[in-house]
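Colleague: The following block contains a protein sequence and its predicted model.
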Amino acid sequence: MDTTDKHRIKATDLEHILLESIPIPVIAVDKDFNILFINSAGCDWCKKEFEEAIGKKCFNVIEAKCCSSSNCGIKEAMDSGKKYTGHYEIPHHKETINIEITAVPLKDENGKIVGGLEYITDITSKVKMENELRTQTQTILELATPVIKIWDGILLLPLVGIVDTARAQQIIENLLNSIVENEAELAILDLTGVPVVDTAVARHIIKTVNAAKMLGAQTILTGFSPEVSQTLVTLGVDLSNITTCGSLKTGISKAFSLIGKKVVSYEG
């Protein structure tokens, strides 16, 4: 290609080629929302021919509830003069899809806003995957914090693994719901499987105990190793108002004694 041919290719031609090659809908409108440009992907998405869409109001072509309303992305961009990104759930060809709209204002050489441009991305699959992941995460958290009814009025919550803020909240919710559902008087929190009990973990445990107390249930903490006990003493964590036992076996025996029952060995 010689120099003369290169000069024949205008910047606007390149922009047009670029917009046409983008595989997602791209729409440009004037300040009255009349369509100035719509690429092939946009025509396919709206199921309209170019001649049917050009010059028409964008909200009549796209036919989405978010259009021509206060939630309209391209309106937001033109009103603010800034880039706008929004997520929407809209009906589209007899199904509901999730889209992400990114809109920017169009300005003339003097910087005056004369219209807007937006492109639409179908994020339905992404949203579905995120929802599935959220559900799976919730299920894992629930499985990781099982509340077991070991006797009428007595619940056991064995903790295994790291207790962070998110999991601590799950522990509290699961325990409180189980206390209400089972009308429990006692809850045993076994920490044998918790590798590290630091100040943060201790704070979460105390919060759980206090929450259970508000529902009328006493909590027994079990599974303190000598190392954990020394760590808590060094950290100055006050557990003096909480019943503690060194092992789960001792804790269960203590729980039964508090409700007037006794664990005895039996040889048949």
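Modeller: Received it, and whenever you're ready, just let me know what you need.

Colleague: Let me see the ranges of the strands in the stretch 1-150 of the chain.
Modeller: With DSSP state E, counting those that start in this stretch as the criterion, the stretch 1-150 of the chain has strands at 26-30, 35-38, 84-92, 95-107, 113-122, 148-151.

Colleague: rank those strands by pLDDT, which is bottom?
Modeller: Comparing mean pLDDT across the strands of the stretch 1-150 of the chain, the weakest is strand 84-92, with a mean of 84.

Colleague: Output the contacting helices and strands for that one.
Modeller: helix 73-80, strand 95-107 (3 or more CB pairs under 8 Å, 6 or more residues apart in numbering; DSSP states H and E). From N, CA and C alone the C-beta is placed, and that goes for glycine too.

Colleague: Buried deepest among the ones you listed, which one?
Modeller: Among those, the stretch with the highest mean neighbour count (mean count of other CB atoms under 10 Å) is helix 73-80, at a mean of 21.

Colleague: Distance from it to the middle of the chain?
Modeller: 27 Å (CA atoms, centre = their mean, to the nearest Å).

Colleague: Flag the shaky bits of the stretch 101-250 of the chain, pLDDT-wise.
Modeller: Flagging of the stretch 101-250 of the chain using pLDDT under 70 yields the residue ranges 137-145.

Colleague: Let's check: the centremost residue of the chain is which one?
Modeller: Computing the C-alpha centroid of the chain and ranking residues by CA atoms, centre = their mean puts R134 first, at 6.5 Å.

Colleague: Against D32, how distant is K75?
Modeller: Here the distance between K75 and D32 works out to 11 Å (CB to CB, to the nearest Å).

Colleague: The chain - how does it break down into domains?
Modeller: Under the assignment automatic domain parsing, the domains of the chain span 3-128, 145-258.

Colleague: can I get these in JSON lines with distance to V264?
Modeller: Compiled in JSON lines, the domains of the chain are given as follows (distance: least, CB to CB, whole Å):
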{"stretch": "domain 3-128", "distance to V264": "55"}
{"stretch": "domain 145-258", "distance to V264": "10"}
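
Colleague: returning to what we had before: I'd like the helices and strands packed on strand 84-92 laid out as TSV, including distance to C46.
Modeller: Written out in TSV, the entries for the helices and strands packed on strand 84-92 read as follows (distance: least, CB to CB, whole Å):
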stretch	distance to C46
helix 73-80	15
strand 95-107	13
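
Colleague: between those, which one is nearest to L258?
Modeller: Distances from L258 to each of the helices and strands packed on strand 84-92 were compared using CB to CB; the shortest belongs to strand 95-107, at 52.6 Å.

Colleague: Mind listing the strands that closest one pairs with, and their directions?
Modeller: Looking at strand 95-107 with DSSP bridges, its partner strands are strand 84-92 (antiparallel), strand 113-122 (antiparallel).
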